[in-house]
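1. make a model of this:
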Amino acid sequence: MNKTIHLTVAEALAKYLAAQKIEINGKIEQLFGAAFAIFGHGNVTCFGQQLKNISDKIPTWRGQNEQSMAIAAIAYAKANQRRRIGIATSSIGPGATNMLTAAGVAHTNRLPLLLISGDAYVSRLPDPVLQQPVNFDDPSITAIDAFKPLTRYWDRIISPSQLMHTLPQALDVLLDPAMCGPVFLGLPQDIQGVAYYFPTVFFTDKIHRIRRPEPEVWALEEAKSLLLQAKKPLIISGGGVHYSLATDELAEMAIKHNIPVVETIAGRATMLQDTPLNAGPIGVTGSDSANHMANEADVILAIGTRLQDFTTGSWTVFKHPDMKLISINVGRFDAIKHQSFPILGDAKICMAKLSVLLGDWRSSKLWSDKAKKESDDWKDLVHRRTHPQAGGLLPSLSSYAEVIGKLNHLMEQGDTVLTAAGGLPAELAMNWQSYQIGKFDIDFGYSCMGYEIAGGWGAKMANPNKEVIVLVGDGSYLMQNSDIYSSVLTGHKMIVVVCDNGGFAVINKLQQNTGNESFNNLLADCRRPEGKVARVDFAKHAEAQGAISEKLTSIIEFDAAFARAKAADRTYVIVVDIDPVSPAAWSQCDCWWEVGLPEVTHSKEAAKKVSDWEAGRSAQRRGV
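-> So this is what the prediction gives:
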């Protein structure tokens, strides 16, 4: 007879989560390495106590905002290459819906995240309860239904026995390399405390391992045939190379077959920058070197990438009329797009098997020589951007590129650099020189303002003995900064560099470049009283949250300030003023990006800018 144990839903959920383990490099770890919680009437009375009871296995950290907690959990998972997972739990109502943006971040970037929130009563006897929006047409709908389009797996627990079905399914989605994404579990308040006789075997420790799906032989043979005919093959390395732990295989395949490599934003730092075949970052926020290689390539081998519009220049960067696309991807949806020749499987295994099939074949030396020449030109440009005194491109006090150049040389092995939205993702992607594999995080799938500081907090949990350096603009800082306090409170020290350019400067540039007038982006151009523009003292604000901080008066002071930040015992914030009108690096990149523009304009200047922009569409490939 099966043994059972009498547990509430909340007890059973916590006990099950604590029993999940994962093998990483031969070592067994807790699968869920961190939980983040803000308690309220939807999760404090039952589930909150159970998190305390398992805190020796899964530590729970208190955040200041549900969105930022969930973002911290995402960055934690990303820093662990999807092999350890974070949990975020909230009350009902606004506490739950605050996590919707984070669900979008995880879903877009294919990252695991377990979201658990309270919900209204199944009995409906006390309806409507506090913070419950009522749907007049369908009383079964509550606020948590909004998570359905933003999660890979969604369930509302209305019966204790349901856990025995839904929890293994939820775990499999979180760990499946093809389906990986956020999971949402709703816990109605009157169900969390209901007890049930669960089989004890359900709570036995389980050790998980990430699956590595094998490719079909015929698909590899088809790719081999295309590559053997290629005159100018090119590898596009995406984030999937990181998650497959396949960076060694990428370098080996490229070198063995003499195939140049370009990187997406998610794929940055999959190959060291001094590798002669690394032609730089591709796309709108990339480099002319990578884009020029893509312009001429006749066979593209895309590995672990969604081929997002910033990567492909809205599908204008591939200009060879007969270009063939081979897509290695563990996810079917991403593999078959844009008339590709798909290879469904794990990147590490696929590259190894394809390389064996290709034997001693190598692409031409002329092609790889072009990659090196293009890359050298790009590196020279990066040097002039990041050292303006050398090339005179940026005469102003400081620029994003100058700050990035400083960090690139000051960071040590094992340190992580992280950013997300505004002008910084483009500047970091375009100017960074990868001296180490990984340790590079840009959220540019969802490009979420507010990811930066919260993400830094989560990344630090995954890298407790190394520095995490956060680059954040003033706009993103004002949206979400309270995890400076979280990091001080919990002892997760990070270095935050605030680049203050007085508003949403990158969008102001897009506004101007498309024929529009500056409006409501820079602080100077928004509706306000006449007179001096009110500015935030970010150094004092960070200090008020318990951090150590300083405001630089000159970029010359940066090296010494960074040394003080490295030596500090808690989060350290460095504020740098950035010129809001100096040319953005992305505007100097030879790559088009489709942005919705009006067919009718009312000035010659605007009409010309729209016409010039639309001229780039002529190279756009058609596909699905």
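2. can you give me the helices for the stretch 501-624 of the chain?
-> Secondary structure of the stretch 501-624 of the chain by DSSP state H, counting those that start in this stretch: the helices cover 505-513, 538-544, 558-567, 604-614.
3. so where do the helices sit in the stretch 151-300 of the chain?
-> 163-175, 217-229, 239-243, 247-257, 288-296.
4. how many degrees apart are the second one and helix 247-257 in direction?
-> Just to be clear, that refers to helix 217-229. On the basis of axes from the mean of the first three to the mean of the last three C-alpha atoms, to 10 degrees, helix 217-229 is oriented at 40 degrees to helix 247-257.
5. per the annotation, how does the protein divide into domains?
-> For the chain, whose domains are defined here by automatic domain parsing, the residue ranges read 4-208, 217-377, 387-587.
6. quick one: residue 70 from residue 183, how far?
-> For residue 70, the distance to residue 183 equals 12 Å [C-beta to C-beta, to the nearest Å]. All C-beta spots, glycine's among them, are computed from the backbone N, C-alpha and C.
7. which residues are in contact with both of those two?
-> When contacts are counted by C-beta atoms under 8 Å, 6 or more residues apart in numbering, residue 70 and residue 183 are jointly contacted by 113, 115.
8. where along the stretch 1-150 of the chain do the strands fall?
-> Applying DSSP state E, counting those that start in this stretch to the stretch 1-150 of the chain gives strands spanning 4-8, 20-24, 27-30, 32-37, 60-62, 85-90, 113-119.
9. reformat those as a markdown table; add mean pLDDT and mean neighbour count.
-> As requested, the strands of the stretch 1-150 of the chain are arranged in a markdown table below (pLDDT from 0 to 100; neighbours: other C-beta atoms under 10 Å):
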| stretch | mean pLDDT | mean neighbour count |
| --- | --- | --- |
| strand 4-8 | 98 | 16 |
| strand 20-24 | 97 | 17 |
| strand 27-30 | 98 | 13 |
| strand 32-37 | 98 | 24 |
| strand 60-62 | 98 | 16 |
| strand 85-90 | 98 | 28 |
| strand 113-119 | 98 | 28 |
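10. okay if I get the ones you listed as JSON lines plus distance to residue 462?
-> Formatted as JSON lines, the entries for the strands of the stretch 1-150 of the chain read as follows, by distance: least, C-beta to C-beta, whole Å:
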{"stretch": "strand 4-8", "distance to residue 462": "31"}
{"stretch": "strand 20-24", "distance to residue 462": "12"}
{"stretch": "strand 27-30", "distance to residue 462": "11"}
{"stretch": "strand 32-37", "distance to residue 462": "8"}
{"stretch": "strand 60-62", "distance to residue 462": "13"}
{"stretch": "strand 85-90", "distance to residue 462": "9"}
{"stretch": "strand 113-119", "distance to residue 462": "14"}
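11. among those strands, which is nearest residue 551?
-> Comparison of the strands of the stretch 1-150 of the chain against residue 551 by C-beta to C-beta identifies strand 60-62 as nearest, at 29.2 Å.
12. and that closest one, how far out from the chain's middle?
-> 22 Å (C-alpha atoms, centre = their mean, to the nearest Å).
13. who does it pair up with?
-> Looking at strand 60-62 with DSSP bridges, its paired strands and their directions are strand 32-37 (parallel).
14. so how far is the strand it pairs with from its chain's centroid?
-> Between the mean C-alpha point of strand 32-37 and the mean C-alpha point of its chain there is a distance of 19 Å (C-alpha atoms, centre = their mean).
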